[in-house]
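Chemist: Structure of the sequence below:
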Amino acid sequence: MDDRDLAELFRAALEGDERAYGDFLQRAAELVRAWARRRATSGRLDPEDVVQETLLAIHVKRHTWRTDGPVMPWLYAIARHKLVDALRRLGRGPQIDIGELQDQLAAEEAETVRAWEIDRALETLTPGQRSVVTAISLEGRTIAEAARSLEMKETAVRVALHRGLAAIAKRFGRD
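Modeler: Prediction:
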């Protein structure tokens, strides 16, 4: 089914044709399902969740579609937003309690870093990155504590920490 046929079904649905609405939703679900399956390769995301969230959003936001335009870009834009929402809900990965790894981490800490090596690494950073890396990695502050003390947003602290550590890793050959 092409965009023109799908748009005709949706127009009829918006004019009150319940059968056309059911057909439109069924075809939209098929399109979004195939699209979501191609993007949910990690195994942690169920494509059907994206399909259901998209269909619900289509129903709620059906009045936002311009009846003189194509329907597929509108449909896929909604699906893309629902996929992003689902991925955000999953988070970055499993959380592990540090207490479970305490003995293992202590044993692996045999290689120590001298103070001058730390200073050398910090010199490669911008002042903002340096203060964030120092606060979190050396002083042991949490993201929230560092954000408060440096008068930054937590998101900005996370970005500066990531960029700072990446810059150090790149500079010292540990990509």
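
Chemist: The residue nearest the centre of the chain and residue 81, how far apart?
Modeler: What sits nearest the mean C-alpha location of the chain, by C-alpha atoms, centre = their mean, is residue 88, with 4.4 Å. Look at residue 88 and residue 81: by C-beta to C-beta, to the nearest Å, they are 11 Å apart. For glycine as for every other residue, the C-beta is placed from the backbone atoms N, C-alpha and C.

Chemist: I figured residue 51 hits residue 36, correct?
Modeler: Yes. The criterion here is C-beta atoms under 8 Å, and residue 51 meets it with residue 36 at 6.0 Å.

Chemist: How about the contacts made by residue 143?
Modeler: The contact partners of residue 143, taken as C-beta atoms under 8 Å, 6 or more residues apart in numbering, are 136, 154, 157, 158, 161.

Chemist: re the thing from before, how close does the residue nearest to the centre of the chain sit to residue 132?
Modeler: 23 Å.

Chemist: Could you give the average pLDDT over stretch 21-36?
Modeler: Averaged across stretch 21-36, pLDDT comes to 93.

Chemist: residues making contact with that stretch?
Modeler: Stretch 21-36 has contacts (C-beta under 8 Å, 6+ apart) with 1, 6, 9-10, 12-13, 47-48, 50-51, 54-55, 58-59, 72, 75-76, 79, 83.

Chemist: Okay, buried residues for that stretch please.
Modeler: Within stretch 21-36, the residues that count as buried by 16 or more other C-beta atoms under 10 Å are 21, 23, 24, 25, 27, 28, 29, 31, 32, 33, 35, 36.

Chemist: re earlier: of the contacts of residue 143, buried ones?
Modeler: Buried by 16+ other C-beta under 10 Å: 136, 157, 158, 161, out of the contacts of residue 143.

Chemist: Serialize those residues to CSV and add fields for secondary structure and pLDDT.
Modeler: Listed next are the buried ones among the contacts of residue 143 as CSV, based on DSSP: H, G, I helix; E, B strand; the rest coil; pLDDT from 0 to 100:
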residue, secondary structure, pLDDT
136, helix, 87
157, helix, 91
158, helix, 92
161, helix, 89
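
Chemist: Taking those residues together, which two end up most distant?
Modeler: 136 and 158 (9.5 Å; C-beta to C-beta).

Chemist: Pull up the gap between residue 60 and residue 153, please.
Modeler: For residue 60, the distance to residue 153 (C-beta to C-beta) stands at 31 Å.

Chemist: Correction: the previous question concerned residue 144.
Modeler: For residue 144, the distance to residue 153 equals 11 Å [C-beta to C-beta].
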